[in-house]
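In: Okay, here's the prediction I keep looking at, along with the sequence it came from:
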4 protein chains.
Amino acid sequence: RPMTAFADIQKIAYEGPDSKNPMAFRHYDPDAKIEGKTMRDHLRFSVAYWHTFRGTGADPFGAPTMQRPWEAAADTVDNAQKRVHVAFEFMEKLGVPFYCFHDRDVAPEGSTLAESNRNLDAVVELLKQEQKRTGIRLLWGTANLFSNPRYMHGAATSANADAFAYAAAQVKKAIEVTKELGGENYVFWGGREGYQTLLNTDMKRELDHLARFMHMAIEHAQSIGFKGTFLFEPKPKEPTKHQYDFDAAACINFLRANGLEDYVKLNIETNHATLAGHTMQHELDYAGGQGFLGSIDANTGDLLLGWDTDQFPTDIYLTTWCMYTIMKYGGIAPGGINFDAKVRRESFEPSDLFHAHIGGMDAFARGLKIAAAIRGEGELKRLLTHRYRSWDSGIGAEIEAGKMDFAKLEKYMLDKGDADANESGRQEMLENLVNRYL
Amino acid sequence: RPMTAFADIQKIAYEGPDSKNPMAFRHYDPDAKIEGKTMRDHLRFSVAYWHTFRGTGADPFGAPTMQRPWEAAADTVDNAQKRVHVAFEFMEKLGVPFYCFHDRDVAPEGSTLAESNRNLDAVVELLKQEQKRTGIRLLWGTANLFSNPRYMHGAATSANADAFAYAAAQVKKAIEVTKELGGENYVFWGGREGYQTLLNTDMKRELDHLARFMHMAIEHAQSIGFKGTFLFEPKPKEPTKHQYDFDAAACINFLRANGLEDYVKLNIETNHATLAGHTMQHELDYAGGQGFLGSIDANTGDLLLGWDTDQFPTDIYLTTWCMYTIMKYGGIAPGGINFDAKVRRESFEPSDLFHAHIGGMDAFARGLKIAAAIRGEGELKRLLTHRYRSWDSGIGAEIEAGKMDFAKLEKYMLDKGDADANESGRQEMLENLVNRYL
Amino acid sequence: RPMTAFADIQKIAYEGPDSKNPMAFRHYDPDAKIEGKTMRDHLRFSVAYWHTFRGTGADPFGAPTMQRPWEAAADTVDNAQKRVHVAFEFMEKLGVPFYCFHDRDVAPEGSTLAESNRNLDAVVELLKQEQKRTGIRLLWGTANLFSNPRYMHGAATSANADAFAYAAAQVKKAIEVTKELGGENYVFWGGREGYQTLLNTDMKRELDHLARFMHMAIEHAQSIGFKGTFLFEPKPKEPTKHQYDFDAAACINFLRANGLEDYVKLNIETNHATLAGHTMQHELDYAGGQGFLGSIDANTGDLLLGWDTDQFPTDIYLTTWCMYTIMKYGGIAPGGINFDAKVRRESFEPSDLFHAHIGGMDAFARGLKIAAAIRGEGELKRLLTHRYRSWDSGIGAEIEAGKMDFAKLEKYMLDKGDADANESGRQEMLENLVNRYL
Amino acid sequence: RPMTAFADIQKIAYEGPDSKNPMAFRHYDPDAKIEGKTMRDHLRFSVAYWHTFRGTGADPFGAPTMQRPWEAAADTVDNAQKRVHVAFEFMEKLGVPFYCFHDRDVAPEGSTLAESNRNLDAVVELLKQEQKRTGIRLLWGTANLFSNPRYMHGAATSANADAFAYAAAQVKKAIEVTKELGGENYVFWGGREGYQTLLNTDMKRELDHLARFMHMAIEHAQSIGFKGTFLFEPKPKEPTKHQYDFDAAACINFLRANGLEDYVKLNIETNHATLAGHTMQHELDYAGGQGFLGSIDANTGDLLLGWDTDQFPTDIYLTTWCMYTIMKYGGIAPGGINFDAKVRRESFEPSDLFHAHIGGMDAFARGLKIAAAIRGEGELKRLLTHRYRSWDSGIGAEIEAGKMDFAKLEKYMLDKGDADANESGRQEMLENLVNRYL
């Protein structure tokens, strides 16, 4: 199997911060160690099959633009298999340890479910070979329950019970395939699990169906011995007006309301976080604090735009806070940093796929180094600890220990007259401090 | 006690839809019955003491504007008591059955907590007399835990443990006062329970403190025999960058995570819903479907503005869907429809207070009539039932009954080949249908 | 030519407000007169060829959904001609007097420009016959300068001069075709005239090119005797991150900066207005007050979503203020009310096209009736006139007459000490007043 | 006059990038030269009197928080004069060359206009002395036409003609005072020049009044020999629902529509830009390209919040693009970089004022260094020039030279068949390139 799709591009090497070579890493040095762990293991980068190998550049106002000379006109299994070789060539040259896919990304849908399954099997066999050959692994698998018109009203939450049934069959197969490929996680993203208008929607009934669906998925996974983590992915809107998996809070609330909290964590995406009105750091810290941090979909949106632009992340502040928060919760494994990001429609040449991933990986590697520097120096944490010191002894400690009630606290305060003075929150000083590490 | 504050204004009467009298109701006819219940009991209108009697018209760019001739220059108990008479004159003339307040709305804060409590007692005594005289009742009480600089970093979630203690003492008293006045609910709105920057914030620790605080409140209420409902009020942002009570989902998740779900429901506000990216109808239906619909703060924001404008609600579509959803869940009692709304800064004359409330009450009364017409004709519900009919028998019913698993569903679908065809969601037709009732 | 595409649907008739027939008008009675002019002439409704006859239901997350049994698989001239018959059957049954199109909506693009032009001619010939047969007219024509990848970087503002040249050739033909069909206006919508990132953009040079392009278009129109109005259409973003025609102000500024203000007016769209942070009424009034109100693209967005949803307008407040503002400026002719709106992806059956347009037309007809009632009673205008009365005499009149300068005004105010007292802006009372007409 | 307000703080010195001293500059080295000009002259930093010396920390939900021990309880001329000493001590220690103020920031409003003017004169006398003593200069002056309830309906655009007259008198004096102090510019920010609702607004009449007002201001300036630049400041909303000076485009359109384009430039603020849906870089480049770039109000908003947070700018990307664009247009003088920014309400200690300004100045100094590096290496510009090369010869050059019309371009393209192929826009590569300089 000759490497032909990217003939002019060599394996991307680490050349250090001073390199001006756009086809080299300036920060991502996979074997370099940070806090005793390699960058590779901290970052667990993954390529998203759908954007990188199936993105066409079409948008609601225009036709496909992407130059992908390896693609044939017809969407056949044969073409899908050729694409697998291209994908692994790309990933090898890039040096990422993981990839992710939806069932319909890797193999064409057939005219029946049985045919679709056969198509999938045919490609999975090759994926398995390529994984073995290259050592690249599957971070997570998932099923596409939103592209086919069958799912126009949702999948598990469709008004059409048959759509639920079809989705169940499809997810069953996708979990099995994920297991077959050694996938470490399985993701639920509710592409159209939501509504366009409440006028035609029974929200409660739909949410009950979604819960039923997830329970069935977990039961099936247990029955076949799939040990990967299930991940639920928040997104507030688009394509539907309101997606039930709006944000981390909505997802966790759903899990708790339906007895799923012990089986499912979250896959958190930057652009979805901001569309919901949160920073990525907030969503990570919120999920992490409650034990639901599973994996991340790394990308960025444009905060002045109201749709999911899925751009590659290059803002160093963003990547710093992602890594800082991930390290706070002990790392992201068995999840990873999956580039759920697409090259711009105008970046249509194959080399742009390299530019985009190199930039994202370098931005995260740099974020990792900065986060480690902040942690290493310890100043930020010392200031935080100092700020909450009134909770570490005296009345604060007693409250935390459960020894206080309203009557005792009233007495304490009536005696005291007023609370101890506050101290400055020092936001500006802290922002300056952070800039010191950049 | 002569009625003097609004000498030119008589009791607002119902004059019917053809009236051109701006100081009359055209739709709110309190004793008229809808679905066997009076409008008064459906709507349970309440006046918000803070906006209506304490609003000054100041904004971040300008000084107070409100003409309130009854207000003295000094913020004394005596002045506060005079204000009580004005408030009850206003409410009597308006004909609302309820009002709501924060502790610091009704009585001035003293130089010590003990003095503040005495001030409050002095005014509460008069409120009680006026309630008795007029029959107007307290829908809910609450404590202001955000105006005093003591609470700059939050109250229950402050970095300063003394702020928590002070808040506890204040809420203890506020619950007692609410009980004393026969209040039917008690509200938590986390004015500054959130953060301005994660750089100086330990979110998990703060959320744990908030949970501890609510448990103490519930325990205290039980210990004194307060039977009212506790209500948690979502708001996504403002004054803090991120409020922990972001939206209904975040609030319910917090309650569930901390074992509070059996003790607290939600007080849902329109402008807070839309700032969080949701319609009011969504928040009501989401909370209602999970059993957390408690009460509503009726107002409206401007969807093109990013702050809480707290305008009086006059959009008939909005009020229709509020009432439709409330009726779907069996009514709002013991909650109510509290006008958490303020006259514009430029509507500074006392008569504007009447215009504003009359408009809001009429808009809700009209929404109630339209909602009842939609329910009465039944067409919308029939269409909804029809849409989900695949779940009422066959495979859908079996899924709902828990008789299906992934293996069975796969077999069902492999045999069938593909799902039954979808039907149009009919959004446009449904929107047209709704316009028929307006 | 038998009418076959919508066999089950008869010509939509006016049945009056009490009709429950979803396939009838309840408000649009084309020959009924309002202020001495028929509804037909007030409203000048137009169907948008692109959405209604070329919309597929595809979105960024899914495949086409629309059931359009008359469409063949191949995009041929023959198919395009069959579609013309369907379109005119639809428009006849709906009873709209106008339609609008882009060149590429009505005829397929060929492999060369020459072939594209021949294709267009072949379809235009049939459009002309159908116009003659039915009396339906062309409100405006335009060219699609955004779908073909040739225009990925813009058309007149492309970094590629050849894209400009191609666009020029295409617009030349589109203007000629518009003239041939008696089109009353010609629209410029800058589909990709903007940028994705300033990193690769010379904004000034691009804007200069755009101005050059418009001048050439005007010169060409004059050279061939096209008398229609040129219309520039604001849109702030999507598909590009920043569109140069951001809003009415940006468009008018561009026209003025480039000596185009005497030749071009605006085509204003609701969803574009709100994406730019304005109400539709604002954009209409802003353009109208400066003499740039040309035509409107009637639709609505969802204010909680950040993309162009192009929904059919059914909100009566929206249509009331559109019509009120249009009437304030003497009507919309030679522009019209073009439904630049698409049925939801889930409303995929042909009958939904009727529901959608009927709803939009009825909503505008009702808005027209309400606006006329507000104007007829005159109360709103009287209050407005009263509010500004200080400008009609005394110091105000002298300022308006140009008789004052800063020195005189300082003297006036030093003598007076302070300004006369303000009066309430009465926003709430006015909102209540408006509800009286609904 | 002893320096007492900030006794513990010495003059802030440049200590270089490795300094960990929070009270030192790490990047701002005023005498260091970049492209042959000192940092001081590139950056022309200014302190905003209103935020830094009059900000109280009050917000719509809470009372003042700021610790300002030098402030007396009463707002007297004497207190105002004492504050002048504090302000100059602060500015000297900080080392900024400029400051800005509104008339009412520096001196208390009196009970009559005459008294207000006397108050102002008394303080201006001292400002003049302090300017002379320290060498600190006035970047611009302005008048506060929004805080007093007199201006609730606007100033020049008020429905009350007397408000216009009062504003005229006030601006007359403010211009005179600005001249007296050697101010280099005079700013118009339309605090309430806009509307809360179109229901009570005659927009056209109001805009005409605003134009009249500006003409009078210019005429008065000419009559007294004030040579400074007039600056109009865009802001889309807040405090009014719609401000007439929405963004750069709206402001420039207004100037052009009213014959003011030769007399007035723009003062562009980051947080106002983003509230209007634009990046700061867009607004600077848009204004610069049309010759309207006057000065900047440096701050930042939170893009997830919908109000003007006026935070100090610390994002290096933001400051880099500000400086890059300013340098592209030849520098900002006679404008400057004015920190229209306030410390957070929780950063209430006097030292926070230093942290905040040091951080902003350092962020801009660093942005300047990065921008100079990008310019120095020239790669970004080379790529841009290369991208537009089709416009430098051949058909592109002929179009730019005005030698082409639609007929010639059609012939060119019919002959050619299709446009030359596009090239990738390379957005990701360019973003990576930028990160190389950080």
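Out: That came through fine. Residues are numbered from 1 along each chain as shown, chains lettered A, B, ... in the order given.
In: who in the stretch 1-150 of chain A is up against chain B?
Out: A:112-114, A:149-150 (CB under 8 Å from any CB of the partner chain). Where C-beta positions appear, they are placed from N, C-alpha and C, glycine not excepted.
In: Now restrict those residues to buried residues only.
Out: A:113, A:149-150 (16 or more other CB atoms under 10 Å in any protein chain shown).
In: between the residues you listed, which is nearest chain C?
Out: In terms of CB to the nearest CB, no member of these lies closer to chain C than A:Pro149, at 4.5 Å.
In: what about the residue lying closest to the closest one once chain neighbours are set aside, which SS state?
Out: Of all residues not flanking A:Pro149 in the chain, C:Thr65 sits nearest, at 4.5 Å (CB to CB, 6 or more residues apart in numbering or on different chains). Three-state call for C:Thr65 (DSSP: H, G, I helix; E, B strand; the rest coil): coil.
In: residues touching C:Thr65, list them.
Out: A:149, A:152, C:56-58, C:345-346, C:348 (CB atoms under 8 Å, 6 or more residues apart in numbering or on different chains).
In: what about the helices in the stretch 101-250 of chain A?
Out: A:103-106, A:113-134, A:161-180, A:203-224, A:248-257 (DSSP state H, counting those that start in this stretch).
In: For the stretch 251-400 of chain A, which residues are neighbours of chain D?
Out: A:274, A:277-279, A:303-304, A:312, A:314-317, A:343-344, A:346-349, A:351-352, A:355-356, A:358-359, A:362-363, A:366.
In: May I see the contacts of C:Thr65 arranged in TSV, with pLDDT and secondary structure as well?
Out: Listed next are the contacts of C:Thr65 as TSV, based on pLDDT from 0 to 100; DSSP: H, G, I helix; E, B strand; the rest coil:
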residue	pLDDT	secondary structure
A:Pro149	98	helix
A:Met152	98	coil
C:Thr56	97	coil
C:Gly57	98	coil
C:Ala58	97	coil
C:Arg345	98	coil
C:Glu346	98	coil
C:Phe348	98	coil
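In: and the residues of the stretch 251-400 of chain A next to chain D near chain B, which?
Out: Near chain B, by the rule CB under 8 Å from any CB, you find A:277-279 out of those.
In: re earlier: just the buried members of the contacts of C:Thr65?
Out: Among these, those scoring as buried are A:149, A:152, C:57-58, C:345-346, C:348 (criterion: 16+ other CB under 10 Å).
In: Farthest pair within the residues you listed?
Out: Using CB to CB, the pair of the buried ones among the contacts of C:Thr65 lying farthest apart is C:Ala58 and C:Glu346, separated by 12.8 Å.
In: quick one: low-confidence ranges for chain A?
Out: A:1-3 (pLDDT under 70).
In: how about the residues of it that lie near chain C?
Out: Residues of chain A lying near chain C (CB under 8 Å from any CB): A:57, A:59-65, A:146-149, A:151-153, A:191-192, A:196, A:237-239, A:241, A:275, A:302, A:304-307, A:344-346, A:348.
In: Kindly recompute the last result at 6 Å.
Out: Within chain A, the positions near chain C by CB under 6 Å from any CB of the partner chain are A:59, A:61-63, A:65, A:146-147, A:149, A:152, A:191, A:196, A:237, A:239, A:306-307, A:344, A:346.
In: and stretch A:318-336, how far from the chain's centre?
Out: 12 Å (CA atoms, centre = their mean, to the nearest Å).
In: picking that back up, any chance of the buried ones among the residues of the stretch 1-150 of chain A next to chain B in a markdown table, plus distance to C:Asp208?
Out: Below are those laid out as a markdown table (distance: CB to CB, whole Å):
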| residue | distance to C:Asp208 |
| --- | --- |
| A:Leu113 | 57 |
| A:Pro149 | 45 |
| A:Arg150 | 50 |
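In: Nearest to A:Ala248 among the residues you listed?
Out: A:Arg150 (29.1 Å).
In: For that closest one, which residues are in contact?
Out: A:163, B:419 (CB atoms under 6 Å, 6 or more residues apart in numbering or on different chains).
In: Now with 7 Å, please.
Out: Residues in contact with A:Arg150, defined by CB atoms under 7 Å, 6 or more residues apart in numbering or on different chains, are A:163, A:166, B:419.
In: Find the residue closest to A:Tyr388 in space, skipping its chain neighbours.
Out: A:Tyr388 sits nearest to B:Ala159 (CB to CB, 6+ apart), 5.3 Å away.
In: Quick check: the residue of the stretch 251-400 of chain A nearest chain B.
Out: Closest point on the stretch 251-400 of chain A to chain B, by CB to the nearest CB, is A:Gly396, at 3.1 Å.
In: before we move on, what SS does that residue have?
Out: helix.
In: my read: it touches B:Ala161, true?
Out: Yes: counting by CB atoms under 7 Å, A:Gly396 touches B:Ala161, with 3.1 Å between them.
In: any shared contact partners between the two?
Out: Here A:Gly396 and B:Ala161 have A:Ser390 as joint contacts, going by CB under 7 Å, 6+ apart.
In: and those two? which has more neighbours close in?
Out: More crowded of A:Gly396 and B:Ala161, by other CB atoms under 10 Å in any protein chain shown: B:Ala161, with 25 against 22.
In: measure the more buried one to chain D for me?
Out: 17 Å (CB to the nearest CB, to the nearest Å).
In: cool, A:Asp247 as well?
Out: Applying CB to the nearest CB to A:Asp247 and chain D gives a distance of 12 Å.
In: For that residue, which non-adjacent residue is closest in space?
Out: That would be A:Ala276: by CB to CB, 6+ apart, it lies 4.0 Å from A:Asp247.
In: Same check on A:Thr142?
Out: A:Val187 (4.3 Å).
In: who does the longest helix along chain A touch, helix- and strand-wise?
Out: Assignment by DSSP state H gives helix A:350-377 as the longest helix of chain A. Secondary-structure packing of helix A:350-377 (3 or more CB pairs under 7 Å, 6 or more residues apart in numbering or on different chains; DSSP states H and E): strand A:24-25, strand A:33-34, helix A:39-43, helix A:77-94, helix A:316-328, strand A:337-339, helix A:427-437, helix D:427-437.
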